[in-house]
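In: Provided below for reference: sequence and predicted model.
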Amino acid sequence: MKSKKKILYIDNYMVPGYKVEHEELGINSVQLNTGIERIEDGIVVSDRSIEQKYIDYLRHIGLLKNVEIISIFGKSNDIISRILENDDNLKKIDSAKNHELDTFGISEVMGINNANKFVKSYKRLCHNLNLDNLYNSEIASKMMQKSIMRNLIENELENNSDLKKLLKLPNGFFGICIKNLKLDDILQFIKECKQKKVRRIIIKKDISAFNKGNYIFDFNQIEDAYKNKRLINFFKERCSLKDNEIFNIEEYVPHESSVSCGLSIKKNKDVCINSVQGQVFVNRKLLGFASINNQELKKKLIEINSIIGGILAKHNYYGDLTPNFVIDSDGLIYFIEINMRKGGSSIPYNVVKKKYGNNSHLIKYISSMLFFKKDIDFDEIIDKITMSYDSIYQNFLVELARFELTKMCTIVTVSEAKNNDPVDHLIQIKKKIAPYMRV
């Protein structure tokens, strides 16, 4: 019997730039890893020290089985370069033989000007460690450009009648820049949007991270700028666009709900749909990601994701991807974008799958990020959240690896009972622990 290879995971979800962007937005936090909670057998390489209390906690609740965690340090801008700059880092990893390579969050680095350099570094790492690369970083660097992915889906809609019945695309202009912007076409587009009772447009930088490149405007803002002959400056100033920077303009689809999915494509082109989850909003604020209980909608989304996964497999992509959609008041599904990585919505699914295995599709759950005051410690968080536990619900804390720095974690609230809603339970938990949380 052939022995199963372990996997080497590169924890790169906290990429260069995130911390700066969060600070610019006035948020005192950094983006965290979304991968280590699901690992059962392998090695995690992280560019930060992961708190031992957190590791002990994950193992206590049955996660991180047979997992070795290696912390590496260096001066380079990304984790791959930090590994390569120090022979000791390579020796630490190389001490475990016969591992394959998997990575998280790589695509967020790919869109910056160092994309080609990063792809080369990634290949060099695989070569130096004699590893099989399970993530096609070269294809990801192209597909993460919104205009390219949009054209790919649009072409498939024209030729695939099954997908055309299931999926809609927002109208707009794609792959444009300030230098070739035709103002009259923009005004005509706004006129058509108004006729369809669309109230706003969204401008998206072709390559961006953390939604920082997305800007939503009411039509009157655009029209006023046009009348005052300031539309070009309006785009440049309000959207921080450079003359040659590629961006997209599309109608903002009014929607009842948002959906985030998790897929993985293997080298043999097999497509695995790992999760289909809805975003839950309370008072217009994102509460978290939850299981979708509408089975008809879920069936349609699974079919759409199967087709999309097949499209990307044909283009030789392998690795993780996160397609995002919105659902309008008529139940129509609109394509929004695809991130060529494992997304934050993978956290609750991974934890539930780990805990309930083949029965995970029967479980209702929701995850939510929690931000605590600086003077609270890990043990207090455990106490405050588990005091809300009852026989119907189970709560799992995850993603506390940088807890001492950020006082931030993600909680997954699970209900095994068909008639109980974990969303309501999560809201009650947040009310009980409100005195301990940051405003």
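Out: Nice, I can see it. Residues are numbered from 1 along each chain as shown.
In: other SSEs contacting the one helix or strand Leu297 maps to?
Out: Element membership of Leu297, judged by DSSP states H and E, is helix 295-314. If contacts are counted by 3 or more Cβ pairs under 8 Å, 6 or more residues apart in numbering; DSSP states H and E, helix 295-314 sits against helix 146-159, helix 161-166, strand 257-265, strand 271-282, strand 319-327, strand 333-339. The C-beta positions use only the backbone N, C-alpha and C, and glycine is treated the same way.
In: so what are the domain limits for this protein?
Out: 6-143, 171-251, 356-439 (automatic domain parsing).
In: Where does the prediction get shaky in the stretch 1-150 of the chain?
Out: Low-confidence segments of the stretch 1-150 of the chain (pLDDT under 70): 1-41, 47-54, 57-58, 61, 77, 96-115.
In: give the contact list for Asn305.
Out: Cys261, Leu263, Val271, Ile273, Val276, Pro323 (Cβ atoms under 8 Å, 6 or more residues apart in numbering).
In: For these, name the two members farthest from one another.
Out: Checked with Cβ to Cβ, these reach their widest spread between Val271 and Val276, with 13.4 Å between them.
In: The two - which one has more neighbours?
Out: Val276 (24 against 18; other Cβ atoms under 10 Å).
In: got a list of what the more buried one touches?
Out: Neighbours of Val276 in contact, by Cβ under 8 Å, 6+ apart: Val259, Cys261, Ile292, Lys298, Leu301, Ile302, Asn305.
In: Kindly recompute the last result at 6 Å.
Out: Counting by Cβ atoms under 6 Å, 6 or more residues apart in numbering, Val276 touches Cys261, Ile292, Lys298, Leu301.
In: looking at it, the third one is touching Ile292, isn't it?
Out: What it means is Lys298. Yes. Assessed by Cβ atoms under 6 Å, Lys298 is found in contact with Ile292 at 4.8 Å.
In: quick one on the thing from earlier: now the domains of the chain as TSV including distance to Lys314?
Out: Shown next, in TSV, are the domains of the chain (distance: least, Cβ to Cβ, whole Å):
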stretch	distance to Lys314
domain 6-143	11
domain 171-251	21
domain 356-439	28
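In: Now do the residue positioned nearest the centre of the chain, the pLDDT please.
Out: Nearest to the mean C-alpha position of the chain, by Cα atoms, centre = their mean, lies Gly343 at 2.4 Å. As predicted, Gly343 sits at a pLDDT of 72.
In: Kindly export the helix holding Leu297 (C-alpha atoms) in CSV.
Out: Output in CSV follows, covering the C-alpha atoms of helix 295-314 (Å, rounded to 0.1, in the frame of the first residue of the first chain):
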residue,chain,number,x,y,z
GLN,A,295,-31.6,23.7,-0.6
GLU,A,296,-32.8,24.9,-4.0
LEU,A,297,-30.4,27.9,-4.0
LYS,A,298,-27.6,25.7,-2.7
LYS,A,299,-28.2,23.2,-5.6
LYS,A,300,-27.9,26.0,-8.2
LEU,A,301,-24.8,27.4,-6.6
ILE,A,302,-23.1,24.0,-6.5
GLU,A,303,-23.9,23.6,-10.3
ILE,A,304,-22.5,27.0,-11.1
ASN,A,305,-19.4,26.4,-9.1
SER,A,306,-18.9,23.0,-10.8
ILE,A,307,-19.0,24.7,-14.2
ILE,A,308,-16.7,27.5,-13.1
GLY,A,309,-14.2,25.1,-11.6
GLY,A,310,-14.2,23.2,-14.8
ILE,A,311,-13.5,26.4,-16.8
LEU,A,312,-10.5,27.2,-14.7
ALA,A,313,-9.3,23.5,-14.8
LYS,A,314,-9.3,23.8,-18.6
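In: Go through it and flag the buried ones.
Out: 297-298, 300-301, 303-309, 311-313 (16 or more other Cβ atoms under 10 Å).
In: how far does that helix sit from the chain's center?
Out: 18 Å (Cα atoms, centre = their mean, to the nearest Å).
In: How about stretch 325-340?
Out: On Cα atoms, centre = their mean, the centre of stretch 325-340 falls 15 Å from that of its chain.
In: which residues touch that stretch?
Out: With contacts defined as Cβ under 6 Å, 6+ apart, stretch 325-340 is touched by 107, 140, 143-144, 146, 149, 153, 167-170, 253, 255-259, 321-324.
In: and it, what's its mean pLDDT?
Out: The model assigns stretch 325-340 a mean pLDDT of 92.
In: Can I get it in PDB? Just the C-alpha atoms.
Out: Taking Å, rounded to 0.1, in the frame of the first residue of the first chain, the C-alpha atoms of stretch 325-340 are listed here in PDB:
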ATOM      1  CA  PHE A 325     -22.000  35.900  -5.800                       C
ATOM      2  CA  VAL A 326     -25.000  38.100  -4.800                       C
ATOM      3  CA  ILE A 327     -28.700  37.100  -5.000                       C
ATOM      4  CA  ASP A 328     -31.200  39.700  -5.900                       C
ATOM      5  CA  SER A 329     -34.900  40.000  -4.800                       C
ATOM      6  CA  ASP A 330     -36.000  37.800  -7.700                       C
ATOM      7  CA  GLY A 331     -33.600  35.000  -6.700                       C
ATOM      8  CA  LEU A 332     -31.300  35.700  -9.600                       C
ATOM      9  CA  ILE A 333     -27.600  34.800  -9.000                       C
ATOM     10  CA  TYR A 334     -25.000  37.400 -10.100                       C
ATOM     11  CA  PHE A 335     -21.300  36.700 -10.500                       C
ATOM     12  CA  ILE A 336     -19.100  39.200  -8.600                       C
ATOM     13  CA  GLU A 337     -15.500  38.000  -8.500                       C
ATOM     14  CA  ILE A 338     -13.200  35.100  -7.800                       C
ATOM     15  CA  ASN A 339     -10.200  35.200  -5.500                       C
ATOM     16  CA  MET A 340      -7.500  32.700  -6.400                       C
END
